[in-house]
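Engineer: give the three-dimensional model of this entry:
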Amino acid sequence: MSPTQFREQIAELSAQLAGRPLDAALDTWLNAEHGVGTVTYECLKQSCEAGVAEGWLCDREGGGVRYGRIFKPAPDLGGFSVDVVDMKDIAGPHHAHPTGEIDLIMPIDDGARFDGRAAGWLVYPPGSAHPPTVTGGRALVLYLLPEGRIDFTR
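Structural biologist: Sure, this is the predicted structure:
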């Protein structure tokens, strides 16, 4: 796996997100069409695990969270930026999503949850905010941020 191949995976997915509002309907659709057990989910999880192991994902660390923005917003990515975090039983820095956020939760440890959700997709609408929290073990979380927008609040 390479960053270029990973970008192609994200571009294929983001093309299907064009024009969709970031809301509960998108959350449901993503989990039905690209959720746990699908080719999309399994390939993205394998790519993220490989990227972390190879050092080109989550190449920074702060406050017990490994993280990194692998891609800035770009037309081939549907205007999304792409970040991946590696967290274990920790709450990250509180932030707001002016344009929303799409998360892919990929537990490494059985029982790991992100913001109370198990493996799969979680969509936060525009204007939402949270301290991203992993409980029950270790998880990787892929973030798609429209226009790369995120406002750290604390």
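
Engineer: every contact and neighbour count from this point should use C-alpha atoms.
Structural biologist: Will do.

Engineer: helices or strands up against the longest helix along the chain?
Structural biologist: The longest helix of the chain (DSSP state H) is helix 39-54. Helices and strands touching helix 39-54, as assessed by 3 or more Cα pairs under 8 Å, 6 or more residues apart in numbering; DSSP states H and E, comprise helix 3-15.

Engineer: next helix or strand past the longest helix of the chain?
Structural biologist: strand 60-62 (DSSP states H and E).

Engineer: can you list contacts of that following strand?
Structural biologist: With Cα atoms under 8 Å, 6 or more residues apart in numbering as the test, strand 60-62 has contacts from 66, 67, 68.

Engineer: switch to 10 Å and redo it
Structural biologist: Residues outside strand 60-62 that contact it (Cα atoms under 10 Å, 6 or more residues apart in numbering): 66, 67, 68, 69, 85, 86, 92, 93.

Engineer: now for the last one, how many residues are close by?
Structural biologist: Spelled out, that is residue 93. By other Cα atoms under 10 Å, 15 other residues sit near residue 93.

Engineer: what helix or strand does it sit in?
Structural biologist: Going by DSSP H and E, residue 93 is not part of any helix or strand.

Engineer: then the first one?
Structural biologist: Secondary structure assignment for residue 66, by DSSP H and E: strand 65-71.

Engineer: okay, buried residues for that strand please.
Structural biologist: Within strand 65-71, the residues that count as buried by 16 or more other Cα atoms under 10 Å are 65, 66, 67, 68, 69, 70, 71.

Engineer: scan this structure for its longest strand.
Structural biologist: Longest strand in the chain by number of residues, with DSSP state E as the criterion: strand 133-146.
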